[in-house]
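*Asks:* Dropping the sequence and predicted coords here.
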4 protein chains.
Amino acid sequence: MGRVGFGELAFWLVAGRRPTPGETRVFEAVLVALADHGFTPTAIAARLTYASAPEALQGALAAGLLGGGSRFLGVTEDCAVFLRDTLAAVDGEPDDWDAVAAAAVTARRAEGKLVPGLGHPVHKVRDPRTPVLIRIAEEEGLRGPHLRLFEAIGRAHPAILGRTLPLNGAGVCGAALADLGLPVELLRGFALLARAAGLLGHLAEERRTGLGLEIYRTVDRNARYVTPTE
Amino acid sequence: MGRVGFGELAFWLVAGRRPTPGETRVFEAVLVALADHGFTPTAIAARLTYASAPEALQGALAAGLLGGGSRFLGVTEDCAVFLRDTLAAVDGEPDDWDAVAAAAVTARRAEGKLVPGLGHPVHKVRDPRTPVLIRIAEEEGLRGPHLRLFEAIGRAHPAILGRTLPLNGAGVCGAALADLGLPVELLRGFALLARAAGLLGHLAEERRTGLGLEIYRTVDRNARYVTPTE
Amino acid sequence: MGRVGFGELAFWLVAGRRPTPGETRVFEAVLVALADHGFTPTAIAARLTYASAPEALQGALAAGLLGGGSRFLGVTEDCAVFLRDTLAAVDGEPDDWDAVAAAAVTARRAEGKLVPGLGHPVHKVRDPRTPVLIRIAEEEGLRGPHLRLFEAIGRAHPAILGRTLPLNGAGVCGAALADLGLPVELLRGFALLARAAGLLGHLAEERRTGLGLEIYRTVDRNARYVTPTE
Amino acid sequence: MGRVGFGELAFWLVAGRRPTPGETRVFEAVLVALADHGFTPTAIAARLTYASAPEALQGALAAGLLGGGSRFLGVTEDCAVFLRDTLAAVDGEPDDWDAVAAAAVTARRAEGKLVPGLGHPVHKVRDPRTPVLIRIAEEEGLRGPHLRLFEAIGRAHPAILGRTLPLNGAGVCGAALADLGLPVELLRGFALLARAAGLLGHLAEERRTGLGLEIYRTVDRNARYVTPTE
């Protein structure tokens, strides 16, 4: 207490070792990037639950976190797994990152799968979080193989896919966390911790202005939603 | 299996005794009444969660149930507690149910509280579930003191409150469950069990037509919701 | 209300059509079979949660349901998927069920995977639920291709696996639900509904005797558990 | 990102204003104090859920948070409410903190209620977190009326209650958060955020050593637990 920060403690508890100040800085930057506080499906679920059961804040927070699955929070984890598996197949540090990236993107495409971490529904050209996080990692000497491969994918994919997609923020967070040596299978946990802060912001807002029931009425009024359940 | 019905089993597990066929009939009628499958805040929360994490159906169901708190599912429990406490203050079966009801409504009003089980946002005059459940209980010889007092409240309250409100379905369900001797503190549990069936219906519908993300987009497009969090 | 049973309603809401009396009987038998009320990891999680937050019954129920994932409740769904996929590869009703079953078990073994629905940690020879459910389905004219294939697997596997395993109750429930035409992807939902009843029984018991904190103390006292987190 | 820390962001989102560096330091110290990572009922619930449904980390985290209710995490909130209400009844800053504290403890005792924040199951004499947090708040100029009143309760209660109890860590955290001007009704939210980090530590540990099923077997073997549900 007073000697260890909260983000530092979260890293420590999961990794089983105390992070260096540089690692803590990168880690907290990732948590901040993932604590998206905009309107999301999970934020709406949390607000509706709070409006229905205001005496149990824990239930509203839990309801919001339960949407943190494959579709909504999976990119961070999926991207880290993809990078890790690609690196595992290479013997040591590659000489030519772009060639490794191109091969991985080509193989992924042949499987008919999307490349995790590429593309964003809003940021069509560039996700502003990506260069910031890479710079912070670079400054702290923590721009490791996962981030380097991820950047190489950013350079290599247009020639293969025929169009240029941005490296998204969720993906770069996965790459950065993997470079910190955190267990890939638990990366979703950090996304959930970050979301917990974002959801608390929503619940504080819900307490002040109470949109939950208005959201419900908007949906309820909309005949298109009601019809199918008849 | 094959010899005990599902509703019968739920009663048995909670009450610790096997219900009679008449008790089972009343109990199942209550579950059906409470399994409201219309669009509700909790149904929306469940659908949004399923759309975000379709691989974890249990999470979507749990998110929907978490809204089952004081405001949304509390009436059944609150009504049963109110009836039980009123009856506990009377010595034995009252001769004049209407007088007991009038005194209870008057006392409640003096506390500045609403009478649980009175009034409904949609059914302004009569909730159709109420007379049906009372009739079923009567047919099975299970129209006991909680239901009788609830009916008396229906007759006595207009003179005190100055307007006539319907006895709502959630309230009559609480009265009927209390007359079955089920523990009042766990009545919310039956409402949750009933809701679980309603929510599964929503999730089946969500799987077929996928409204979750459309609900999200509707909310997201609506500037009034987005502004406050900026 | 009064005209439709609770199990019948659950079927109706999910399938979008009212079941026949025979279908309702099979369906309720499945729910009863799956509402295992013994001590399970999820029952303990629900009790501990109730002991920690007794004012929010919905949270305790939700916590118990959240364990209903791949490992704990997955067999019903996995078995139905396996049977469906095997049947889909056969053109029409097979003449020789045992040959189809033998081929499926052989293929599964070649993939290094277990056959879903075979084996049980307690019932080493025979799971008593299996013959009862098959008999009920037979009586109602609902012993369809999934159940027939499942039975054939029971006959065919010893020659391939070199030992005889029982057809377990979770598996036969999956086969029976699939024969009712219910969507295979939602079968876990019925297992969750059934578990909800079992969990309410546990929470009623917890309210009476309060084992939650004693469970915690037992675990806490056990040095083996505490050491690893130091 | 890179310019705002994670704890700072959580404060910002809930309070709607950016905290000063001093406020951030006190706030992070509180989160660290509340992120208890020892074996708790909620940690066990989370581990059991993870063992049953390892594919849905969000469900295990949610199950652990759902125990964060009145009994387990309520002290922080209850203590802050008690201090706030006591201060609200005093006009301005009291001259004699100990007299205000003594009156509040006496009134609480007359109601037959415990004083929130007094006493600890393990730390019988002194909770080590209490003086550390008070010192940090003092260093940052944030030892405000809630903390002062809490300290006065520590001095005044022995004469009234006839025994000396420690000011516990959960209580001092509530007082410190209230002095930061955070909404008392949402303090449980910060306790939940802190617990989320502690629970992730448990889930990382569970992934490494898998105690969940062993916990279950220990409980299951213990006849005392099994008997009551028969």
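*Replies:* Thanks, I have the structure now.
*Asks:* How much space separates A:Phe82 from A:Val30?
*Replies:* 17 Å (C-beta to C-beta, to the nearest Å). In this view, the C-beta of every residue, glycine as well, is placed from N, C-alpha and C.
*Asks:* Then A:Gly198?
*Replies:* Taking C-beta to C-beta as the measure, A:Gly198 falls 14 Å from A:Val30.
*Asks:* So for the two, which sits in the more crowded spot?
*Replies:* More crowded of A:Gly198 and A:Val30, by other C-beta atoms under 10 Å in any protein chain shown: A:Val30, with 31 against 23.
*Asks:* Next, the contact list for that one, please.
*Replies:* The neighbours of A:Val30, taking C-beta atoms under 8 Å, 6 or more residues apart in numbering or on different chains as the test, are A:Leu133, A:Cys173, A:Ala176, A:Leu177, A:Phe190, A:Ala194.
*Asks:* any idea which helix or strand carries the nearest residue to it once chain neighbours are set aside?
*Replies:* In space, and not counting its chain neighbours, A:Val30 is closest to A:Cys173: 4.6 Å by C-beta to C-beta, 6 or more residues apart in numbering or on different chains. Element membership for A:Cys173, per DSSP states H and E: helix A:169-179.
*Asks:* Mind exporting the C-alpha coordinates of that helix to PDB?
*Replies:* Below are the C-alpha coordinates for helix A:169-179, written out as PDB (Å, rounded to 0.1, in the frame of the first residue of the first chain):
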ATOM      1  CA  GLY A 169      -6.000  -1.100 -30.700                       C
ATOM      2  CA  ALA A 170      -7.300  -4.400 -29.300                       C
ATOM      3  CA  GLY A 171      -4.700  -6.300 -31.300                       C
ATOM      4  CA  VAL A 172      -1.800  -4.100 -30.400                       C
ATOM      5  CA  CYS A 173      -2.800  -4.500 -26.700                       C
ATOM      6  CA  GLY A 174      -2.600  -8.300 -27.200                       C
ATOM      7  CA  ALA A 175       0.800  -8.000 -28.800                       C
ATOM      8  CA  ALA A 176       2.100  -5.700 -26.100                       C
ATOM      9  CA  LEU A 177       0.800  -8.000 -23.200                       C
ATOM     10  CA  ALA A 178       2.400 -11.000 -24.900                       C
ATOM     11  CA  ASP A 179       5.700  -9.100 -25.100                       C
END
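*Asks:* What's the mean pLDDT across that helix?
*Replies:* What helix A:169-179 shows for mean pLDDT is 96.
*Asks:* just how off-centre is that helix within its chain?
*Replies:* 8 Å (C-alpha atoms, centre = their mean, to the nearest Å).
*Asks:* now do stretch A:203-219
*Replies:* The answer for stretch A:203-219 is 26 Å, by C-alpha atoms, centre = their mean.
*Asks:* Start and end of it, how far apart?
*Replies:* 20 Å (C-alpha to C-alpha, to the nearest Å).
*Asks:* quick one: the helix or strand where A:Gly7 lies near chain C?
*Replies:* In the assignment (DSSP H and E), A:Gly7 maps to helix A:6-15. No: using C-beta under 8 Å from any C-beta of the partner chain, we find that helix A:6-15 stays clear of chain C, coming within 8.9 Å at best.
*Asks:* What mean pLDDT does that helix get?
*Replies:* Mean predicted lDDT for helix A:6-15 stands at 94.
*Asks:* Just confirm yes or no for stretch A:175-188 near chain D.
*Replies:* Yes: remark: stretch A:175-188 sits within contact range of chain D at A:Pro183, A:Glu185, A:Leu186, A:Arg188, by C-beta under 8 Å from any C-beta.
*Asks:* And for the first one, the neighbour number?
*Replies:* Same thing as A:Pro183. Neighbours of A:Pro183 using other C-beta under 10 Å come to 16.
*Asks:* Check A:Val122 and give its pLDDT.
*Replies:* 74.
*Asks:* distance of it from chain C?
*Replies:* Going from A:Val122 to chain C by C-beta to the nearest C-beta, to the nearest Å gives 31 Å.
*Asks:* SS state for that residue?
*Replies:* In the three-state summary, A:Val122 is assigned as coil, counting by DSSP: H, G, I helix; E, B strand; the rest coil.
*Asks:* That one: neighbouring residues, count only.
*Replies:* Counted with other C-beta under 10 Å, A:Val122 comes out at 7.
*Asks:* Quick check: the gap between it and A:Ala29.
*Replies:* Using C-beta to C-beta, one obtains 20 Å as the distance from A:Val122 to A:Ala29.
*Asks:* which residue packs closest to A:Thr164, ignoring adjacent ones?
*Replies:* In this structure, A:Thr164 finds its nearest non-sequential neighbour in A:Pro158, 4.4 Å apart by C-beta to C-beta, 6+ apart.
*Asks:* repeat for A:Leu114
*Replies:* Nearest to A:Leu114 is A:Arg108, by C-beta to C-beta, 6+ apart, at 7.6 Å.
*Asks:* Give me the distance between that neighbour and C:Tyr216.
*Replies:* Applying C-beta to C-beta to A:Arg108 and C:Tyr216 gives a distance of 46 Å.
*Asks:* Next up, identify which helix or strand the residue nearest to A:Thr164 is on.
*Replies:* helix A:145-161.
*Asks:* A:Asp36 and chain C, how far apart?
*Replies:* From A:Asp36 to chain C the distance is 24 Å (C-beta to the nearest C-beta).
*Asks:* can you check A:Gly154 too?
*Replies:* A:Gly154 is 34 Å from chain C, by C-beta to the nearest C-beta.
*Asks:* What of A:Gly69?
*Replies:* Counting by C-beta to the nearest C-beta, the gap from A:Gly69 to chain C is 11 Å.
*Asks:* Name the SS class of that residue, please.
*Replies:* Following three-state DSSP, we place A:Gly69 in the coil state.
*Asks:* Tell me the buried residues in the longest helix belonging to chain A?
*Replies:* If each helix of chain A is counted by residues according to DSSP state H, the longest one is helix A:187-209. Buried residues in helix A:187-209, counted by 16 or more other C-beta atoms under 10 Å in any protein chain shown: A:187-207.
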